[in-house]
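Enquirer: sharing a sequence plus its predicted fold:
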Amino acid sequence: MTGGLLALTFDDGPDPEITPQLLDILEQYHVPATFFLLGCRITSETTPILQRAVMLGCEMCNHSYSHPYLTVLTPRQITQEVSSATQRIILTTGQTPRFFRPPYLAVREDMFPLISMPFIGGYGVRDYDESVSESERYSGVMRIAKDGRIILLHDFAENTKTVGAVKRLVPDLLARGFRFVTVSQLFQEKGVTPSNEDRIIYSYPGQTAMYAPDAT
Ligand SMILES: [Zn+2]
C-alpha cells in the first residue's frame, strides 16, 4: 500500500463518445475527475454529458475555446479564447471554472496577468500519441502515481486506448490506497492556495518552480 491523493484530469473534451465512457468508470467507482474543456466542443449534444459529470462530482475547468497556441496570439485574442470558454462552461454547467490549462502547456509571460486563474499542468503519459499503447498508458500512470500529483490524460475523439487504461487504473490505484479528488479538492486538502502570480504551472500543490521536474 502506498496511497495518497490523486487528481485525474482529462483535456480536449467533451467528446460525445469518449467522455461518457469515462464517466461510466468514474460512476462505477464513485470517484471524481477534472475536465479541462474546450469551449468549441461544448454543444447541445455534449452539454448533457457535462451535466452528468457535474452530478458525479466532477470539476469543470478551462482549456481555451479552440486550442490554439496562445503564445502567437495578441493579448486581446488570448482574453477572448479564455473568456468565451469560461462563459460557455458557466452557461451549460453552472460551474465557474477555477483553473486554466494552456493548450500544449505553451505560455508567454503576459498570459499570467491576462488570465486570472491559476495554471495547471500535470504528469502525463503521452496519451495524445496514437502509437502509445493502452498497456503503456496504464503502466505509465501506475508509475507516475504519487501522493498529490495531477495526472494529465485526454478525452478527445477516438482516444479509446485511454478509456481502456483508465478502466484498469481506477480500481488498481484504489487498491493501492489512493483516493481520487478534483483539482480544487487537491489544493484544499494539501492546504495550498494556488496563484498565477508566481507563474507556476502546477503539477502538484506546493510546487515552487514554473514546471514540475520530470516524472521519470
Ligand atoms: Zn489540449
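Expert: Received the coordinates, thanks. Numbering: from 1, shown residues only.

Enquirer: does any part of the helix ranked longest in the chain sit near the ion?
Expert: Using DSSP state H to define each element, the chain has its longest helix at helix 75-93. No - for helix 75-93, no contact with the ion is found by C-beta under 5 Å from the ion; the gap never falls below 11.9 Å. The C-beta positions use only the backbone N, C-alpha and C, and glycine is treated the same way.

Enquirer: quick one: mean pLDDT for that helix?
Expert: Mean pLDDT, helix 75-93: 98.

Enquirer: stretch 122-133 now?
Expert: The pLDDT scores in stretch 122-133 average 97.

Enquirer: would you put the C-alpha positions of the longest strand along the chain in CSV?
Expert: When the chain is parsed with DSSP state E, its longest strand is strand 4-11. Only the C-alpha atoms of strand 4-11 are listed here, as CSV (Å, rounded to 0.1, in the frame of the first residue of the first chain):
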residue,chain,number,x,y,z
GLY,A,4,-2.3,9.4,-1.1
LEU,A,5,-4.3,11.8,-3.2
LEU,A,6,-4.5,11.9,-7.0
ALA,A,7,-6.4,14.2,-9.3
LEU,A,8,-7.3,12.6,-12.6
THR,A,9,-7.7,15.3,-15.3
PHE,A,10,-8.8,15.0,-18.9
ASP,A,11,-8.1,17.5,-21.7
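
Enquirer: buried sites along it?
Expert: Residues of strand 4-11 classed as buried: 5-11 (neighbour count, 16 or more other C-beta atoms under 10 Å).

Enquirer: circling back: which helices and strands does the longest helix of the chain pack with?
Expert: Counting contacts by 3 or more C-beta pairs under 8 Å, 6 or more residues apart in numbering; DSSP states H and E, helix 75-93 packs against helix 47-55, strand 59-62, helix 111-114.

Enquirer: nothing else from me, thank you.
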